[in-house]
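> 3D model of this:
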Amino acid sequence: MPVRHKTLRLPRRGRGLYELTPQLRAWVGEQGVEEAVAAVFCRHTSCSLVLMENADPTARADLERFLVELVPDGTAYEHTLEGADDMPSHIRMALTRSSECIPVSRGRLLLGTWQGLFLWEHRHRPHEREIIFSLTH
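Residues are numbered from 1 along each chain as shown. Presented below is the predicted three-dimensional model:
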């Protein structure tokens, strides 16, 4: 089964959810593949991926608020080399996901009507992130 890859280098402004659906949709379309599986992998330990509602931004704000309340920033952690959000960002990543697989049919992602793929940045300061798109067909 042939596999194709693309690496995205994405500057992020800080904590929050950043939609990747348009980039993934465009890349899958450029491959000219009818039936496949698109895999997305995040190469970091302080951000993650999530399939989430992409229509109403308040759903994402509520999700962000929930996870911050569940795993607050602070100094109650031993691992604080990069600040008070260092270890909490690793915990948030471990509670969420580093990869997602989305089926492709007729050359299109089979996402639900309100689904979008998001990079979930857990750190406050800006970072450049690497996301790997893979297509197996």
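> the strands in this protein, which residues?
3-12, 16-19, 36-42, 47-53, 99-105, 108-109, 115-121, 127-136 (DSSP state E).
> ranking these by burial, who's on top?
The highest average neighbour count among the strands of the chain, using mean count of other C-beta atoms under 10 Å, belongs to strand 115-121 at a mean of 21. C-beta coordinates here come from the backbone N, C-alpha and C atoms, glycine included.
> mind listing what that strand pairs with, with the direction of each?
When pairs are called by DSSP bridges, strand 115-121 turns out to pair with strand 16-19 (antiparallel), strand 47-53 (antiparallel).
> now do it: distance to the chain's middle.
Put simply, strand 115-121 sits 4 Å off its chain's centre (C-alpha atoms, centre = their mean, to the nearest Å).
> which residues sit against that strand?
10, 12, 14-21, 24, 40, 42, 47-54, 60, 92, 96, 100, 102, 111, 127, 129, 131 (C-beta atoms under 8 Å, 6 or more residues apart in numbering).
> and stretch 66-77, how far out from the chain middle?
Relative to the centre of its chain, stretch 66-77 is centred 20 Å away, using C-alpha atoms, centre = their mean.
> could you do stretch 43-51 as well?
5 Å.
> pLDDT on it, on average?
Average pLDDT, stretch 43-51: 97.
> list the buried residues of stretch 52-62.
Buried residues in stretch 52-62, counting neighbours by 16 or more other C-beta atoms under 10 Å, are found at 52, 53, 54, 60.
> how much space between residue 129 and residue 9?
For residue 129, the distance to residue 9 equals 7 Å [C-beta to C-beta, to the nearest Å].
> ok, now residue 133?
From residue 133 to residue 9 the distance is 12 Å (C-beta to C-beta).
> repeat for residue 31
For residue 31 relative to residue 9 (C-beta to C-beta), the value is 20 Å.
> skip the chain neighbours and tell me the closest residue to residue 16.
The spatial neighbour of residue 16 that comes closest, neighbours along the chain excluded (C-beta to C-beta, 6 or more residues apart in numbering), is residue 121 at 5.8 Å.
> before we move on, back to that, redo the strands paired with strand 115-121 as JSON lines? Include distance to residue 74.
Formatted as JSON lines, these follow (distance: least, C-beta to C-beta, whole Å):
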{"stretch": "strand 16-19", "distance to residue 74": "19"}
{"stretch": "strand 47-53", "distance to residue 74": "19"}
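> this completes my enquiry, with thanks.
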